[in-house]
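Q: Sequence and predicted structure are below.
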Amino acid sequence: MTDNNTLYQYSVLSALMAGLYDGGISIEEIKSKGDFGVGTFEELDGEMIAFDGEFYQMRSDGSARRVSDSSTSPFAAVTFFKEEKSFNTLCRSNKLQLQELILEHTPDQNNNFIAIRMDGEFEDIIVRTVPKQSKPYKGLAEVTNNQPTFRFDRLVGTVVGIRSPEFSQGISVAGHHWHFISEDRKRGGHIIDISAIQAVIRVATMKDIHIRLPIDKHFNKADLLKHSASEAIKKAEG
Ligand SMILES: CC(=O)[C@@H](C)O
């Protein structure tokens with residue numbers, strides 16, 4: 001059993017940027033590593049959000065569904081989330097203000113990985129859901145140039161995310177990487193923008209990070225250094 005607040009990541013973000021979307025790990029195995037986190041699915045078929053042990057797939061047609069254990073993923077970052085600190089938004093807060101509030105409560109963890117959960121009522125929610133790809137795969141930057149986006153004026157729901165240190169760019173998404181799902185579990189995606197009307201925020205600092213790297217020729221042939229370029233990742237994952 002993996003300890004609480006150990007970040008387990010399968011593959012690296014630069015591999016997605018390089019277009020490596022074959023599912024290398026099953027959801028069943030991911031569940032043995034964490035009950036909380038974000039990621040995507042084989043063939044880049046949507047956005048993954050997980051919390052309380054529930055794993056959902058949010059797809060480019062706007063649908064969301066529970067994920068079967070047999071589904072597979074090319075990239076996921078999960079943990080057995082055990083909150084260390086909980087605080088409320090003090091007023092309506094946009095995305096930057098939420099990030100600043102989290103930083104206020106995690107002043108000494110800028111070079112750590114932080115798991116973040118926000119439950120509450122949100123507005124002006126803009127999400128994207130990456131569309132399923134077919135081979136030969138295009139890289140994530142090209143895919144997200146024409147990504148399906150959805151706007152929700154006001155929803156109750158949950159944000160799940162990881163804040164990664166700047167030095168980890170390419171291993172993960174440096175900065176905040178947040179996914180959202182509505183309370184009815186029917187709508188959501190990778191957050192482009194969001195404001196909180198009111199939310200409870202829970203955070204935990206990751207004690208350890210365990211990265212499992214694919215062992216296959218595609219991964220080993222990929223130019224991961226080139227695909228770790230910050231500007232491209234910020235554009236694709238911002
Ligand atoms: C890994 C992710 O979350 C991208 C696909 O949004």
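A: Sure, I can see it.
Q: Can stretch 144-158 be said to contact the ligand?
A: No: shown here: stretch 144-158 not in contact with the ligand (C-beta under 6 Å from any ligand atom), separated by at least 8.0 Å. Any C-beta I mention is one placed from the backbone N, CA and C, and that applies to glycine too.
Q: Can you point out the buried residues in that stretch?
A: Of the residues in stretch 144-158, Thr144, Gln147, Phe150, Phe152, Leu155, Gly157, Thr158 count as buried by neighbour count, 16 or more other C-beta atoms under 10 Å.
Q: which residues are contacting it?
A: Contact with stretch 144-158 is made by 49, 51, 60-62, 117-131, 180-183, 187-189, 192, 197, 235-237, as judged by C-beta atoms under 8 Å, 6 or more residues apart in numbering.
Q: any chance you could read off phi and psi for the residue nearest to Ile27 when sequence neighbours are not counted?
A: Computed as C-beta to C-beta, 6 or more residues apart in numbering, the closest residue to Ile27 that is not its neighbour in sequence is Ser71, at 4.7 Å. When read as degrees, to the nearest 10, the backbone of Ser71 gives phi -60, psi 160.
Q: got the contact list for Ser71?
A: Contacts of Ser71 (C-beta under 8 Å, 6+ apart): Gly23, Ser26, Ile27, Phe41, Glu42, Gln57.
Q: Against Val67, how distant is the fifth one?
A: Distance of Glu42 to Val67, given as C-beta to C-beta, to the nearest Å: 11 Å.
Q: Cool, thanks, signing off.
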